[in-house]
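# generate a structure from the sequence data that follows.
(chains A and B)
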Amino acid sequence: MVRVRFAPSPTGYLHIGSARTALFNWLYARSQGGVFILRIEDTDQKRSSDVFMEGIIADMKWLGLNWDEGPFFQTKRFDAYRACAHELLEKGLAYKDGEAIIFKIPDVKVKIHDLVHGEIEMDNTLIDDLVLMKSDGSPAYNFACVVDDIEMQITHVIRGDDHISNTNKQVALYDALGIRPPKFAHMPLILGPDKAPLSKRFGAVSITDYRAMGYLPQALVNYLSLLGWSPGDNKEFMGAEEIIKKFSLKRINKTGAEFNLDKLRWINGEHIRKFTLDEFVKAGMDFIKPECGEAWFRKFAGLYHSRVKTLVELKEEFGIFMSDDVRYNDDAVEKFLKKDKVSDILSVTRERLEKVDPFTQENIEKEARALVAELKIESADLIHPLRVAVTGKAVSAGVFEVLALLGKDKVIKRLEKVIGAGYGRK
RNA sequence: GUCCCCAUCGUCUAGCCUGGUCCAGGACAACAGAUUUUCGAUCUGUCGACCGGGGUUCAAAUCCCCGUGGGGACGCCA
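Residues are numbered from 1 along each chain as shown, chains lettered A, B, ... in the order given. Prediction:
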């Protein structure tokens, strides 16, 4: 039975890199019918906080990375660490240094078989003895980690490359304790554009940030799974079920992967488009928390379902419908409103639109097309200025459907404001 | 400094283990065209890589060695 764990320390929000580690452990457990355990490594009481702990748990849930056992807390297991340290002391494998207990690392060369990297040789004569228990009575990382992994019967340790140099120390501890070590799989790190590990300098680094930026959990799971792993069949857009089905440790690669926002955004767009309208409406309402009713929001969402790649983009479009304080884009005004005749055309359009009843997309379009024919102008000569006048932007969903959704009152009000401003009169 | 890891298009990657099917495949981005009232979506196309040098071999992106470059670890942090 495969048993894996994710062991974050609550000294910050769930980082993109940690989330990927959690994801790979989860994927492995789910693909093997194994057990996924959550363990909180909160031994550093100065830096740990409940706020971060709760944040990490919330983000794990949001991503859908459900665990089978835990969360366990290291601060509640100090007795176990102490007992184990004393056992090593009695066996003469550790010694005291003041209040601290130190493990004597045997001077041997060790070979570690890593599931990703293959054989790694290390020389333990080169490393210092290992602190087991600190002077303040708390356990040191490498020790607590091993004691817990034994207790929790962890079979596979899947973690970042940065832990490779902890592995020989931990293996020495397993040997001293007479326990066979678990299998190790060290995966490549996620890097920023400068090839250095993702840092605040990059901007958003926590899952919470990405949620706020309108990314979907399924898109993050999909994208993160592709960083350092690939299904090998050229298929990249996948749901969690499919990824689980295809996942294997064997296909994890060894090279650090740069985090690329463009691709995340593309995948997010794909997942949005994969949504049924019901699902999209629900995601949109959860994110935007609109004042309007669901029926109206549903129509709005339908217009933008294939036009936005993040929920934030959807929210921006939403704002255009809600507030009559239209923000006019300078370029759009320059290009479509400041032209001869535009004011006249908009005036006539306003008069005609006022008579359209009911104010539906079909009726609006019929009236507009008729007007275009009468005035002997191109459709574009009416459509573009109309769009800018009403939305403030040169891009939107189809004008006629936007107008219908906006409603006659708002449309007329916005048109009058633009006409009053006298654009187009020279 | 010492030890360890890594090296295919700008980016993510397939191929490498088991050498020939690879004048290296896919995706994102970029660019161009088609379509569209704009944008998006969609379709088509273009651009673009085996870090360098030696070796092994009839044959190397694939195996070996040496460089170089990048990263990590050397905490009573985790």
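# pLDDT on stretch A:319-338, on average?
Mean pLDDT, computed over stretch A:319-338, is 87.
# ends of that stretch, what's the gap?
End-to-end distance for stretch A:319-338: 25 Å, by C-alpha to C-alpha, to the nearest Å.
# then stretch A:37-47?
Terminal residues of stretch A:37-47 are spaced 23 Å apart (C-alpha to C-alpha).
# got a list of contacts for that stretch?
Contact partners of stretch A:37-47, identified using C-beta atoms under 8 Å, 6 or more residues apart in numbering, comprise A:3-11, A:48, A:53, A:56-57, A:60, A:67-75, A:138-139, A:141, A:144-145, A:148, A:152, A:154. All C-beta spots, glycine's among them, are computed from the backbone N, C-alpha and C.
# and these near RNA strand B, which?
Filtering the contacts of stretch A:37-47 for proximity to RNA strand B by C-beta under 7 Å from any atom of the strand leaves A:Ser9, A:Thr11, A:Ser138, A:Tyr141.
# is the one helix or strand in chain A whose mean pLDDT sits lowest up against RNA strand B anywhere?
Sorting the helices and strands of chain A by mean pLDDT, DSSP states H and E puts helix A:330-332 at the bottom, at a mean of 86. No - Helix A:330-332 stays out of contact with RNA strand B when judged by C-beta under 7 Å from any atom of the strand, the minimum separation being 8.9 Å.
# same question for stretch A:388-398.
Yes - using C-beta under 7 Å from any atom of the strand, stretch A:388-398 comes into contact with RNA strand B via A:Ala394, A:Val395, A:Ser396, A:Ala397, A:Gly398.
# what about the second one, neighbour count?
Each residue near A:Val395 was counted by other C-beta atoms under 10 Å, and the total is 11.
# for it, grab phi and psi.
phi -130, psi 140 (degrees, to the nearest 10).
# got the confidence number for it?
pLDDT recorded at A:Val395 is 94.
# give me the three-state assignment for A:Ile102.
Assigned with DSSP: H, G, I helix; E, B strand; the rest coil, A:Ile102 falls in the strand class.
# no no, A:Val157
strand.
# didn't it look like it was pressed against A:Tyr174?
No - judged on C-beta atoms under 8 Å, A:Val157 makes no contact with A:Tyr174 at a distance of 11.0 Å.
# more crowded one of the two?
Between A:Val157 and A:Tyr174, counted using other C-beta under 10 Å, A:Val157 has the larger neighbour count: 23 against 15.
# who's in contact with the more buried one?
Here A:Val157 is in contact with A:Val4, A:Arg5, A:Asp149, A:Pro182, A:Lys183, A:Phe184, A:Ala185 (criterion: C-beta under 8 Å, 6+ apart).
# between those, which sits nearest A:Thr276?
Using C-beta to C-beta, the shortest approach to A:Thr276 within those belongs to A:Val4, at 33.5 Å.
# so where does that closest one fall, helix or strand?
Using DSSP states H and E, A:Val4 sits in strand A:3-6.
# much appreciated, bye for now.
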